[in-house]
Structures are given as C-alpha cells and as structure tokens.
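Visitor: got a structure for you, letters missing:
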C-alpha cells in the first residue's frame, strides 16, 4: 500500500512541475524582449525543434527515410499543404517497406 502512495506522490509532483513550467512560461512571455536578436532566436526556435525531431528519424530510416523526408519538404514548400505532404512521406516509406527497401 505504501508503494501506491509513493507512485501517486511522484505523479502529483510531476504534474505540479509540468504545470509550474507552463505557468512560468505564460508569466514570463510578456516580459521577454520582442525585438532584436532575441526575436530572431524565438522566430527560429520552432524550425530547430522540428529538425531535431526529423533528422534522427530520417537517419534511422536509411535511404528511403531521407527520400521521404526530402519529398515531404519539397511538397510542403510547393503546395503549402502539410497534410498532403505528410501523406506523401508516409506513402513513400510504406511502399519502400512493402517492397523490402
């Protein structure tokens, strides 16, 4: 029974820290500079986070992972439709796996 109490305490503490970070971000967002180098940094942040998620997955997937990544990026740039771009990338990987690539 004591083990369950510790588990619940850890879950509660994790939730407290998570929501504390969110609240801190909301409170601090109004005080951050909105011009200059910091603005450039904040504008580039979403792209860098996206790349940090995509590149390791593409490396792990091998050649066809890179082909799918490139096709997804090109389709997204050309059409502006992220959903269709993702479908294209998934289709390339699925077809390559189906044929043993």
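Guide: Nice, thanks for sending it over. Since we're looking at a predicted model, the values are computed, not measured.

Visitor: Pick out the residue nearest the middle of the protein.
Guide: By Cα atoms, centre = their mean, the chain has its centre lying nearest to residue 50, at 4.8 Å.

Visitor: Can you classify that one as helix, strand or coil?
Guide: helix (DSSP: H, G, I helix; E, B strand; the rest coil).

Visitor: pull the longest helix from the chain.
Guide: The longest helix of the chain (DSSP state H) is helix 2-29.

Visitor: Show the average pLDDT along that one.
Guide: Helix 2-29 shows an average pLDDT of 91 in the prediction.

Visitor: Make residue 1 into 49 and carry on from there
Guide: Noted, 49 is the first residue going forward, which turns the last one into helix 50-77.

Visitor: got the buried residues for that helix?
Guide: Neighbour counts over helix 50-77 (16 or more other Cβ atoms under 10 Å) mark no residue as buried. Where you see a C-beta, it was placed from the backbone N, CA and C, and this is true even at glycine.

Visitor: what separates it from the chain centre, distance-wise?
Guide: Offset of helix 50-77 from its chain centre (Cα atoms, centre = their mean, to the nearest Å): 22 Å.

Visitor: Over to stretch 120-133?
Guide: 17 Å.

Visitor: buried stuff in it?
Guide: For stretch 120-133, the neighbour count (16+ other Cβ under 10 Å) marks 120, 123-124, 133 as buried.

Visitor: and the residues you listed as CSV, adding secondary structure, pLDDT and distance to residue 108?
Guide: Below are these laid out as CSV (DSSP: H, G, I helix; E, B strand; the rest coil; pLDDT from 0 to 100; distance: Cβ to Cβ, whole Å):
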residue, secondary structure, pLDDT, distance to residue 108
120, helix, 94, 16
123, helix, 95, 22
124, helix, 93, 21
133, helix, 95, 20
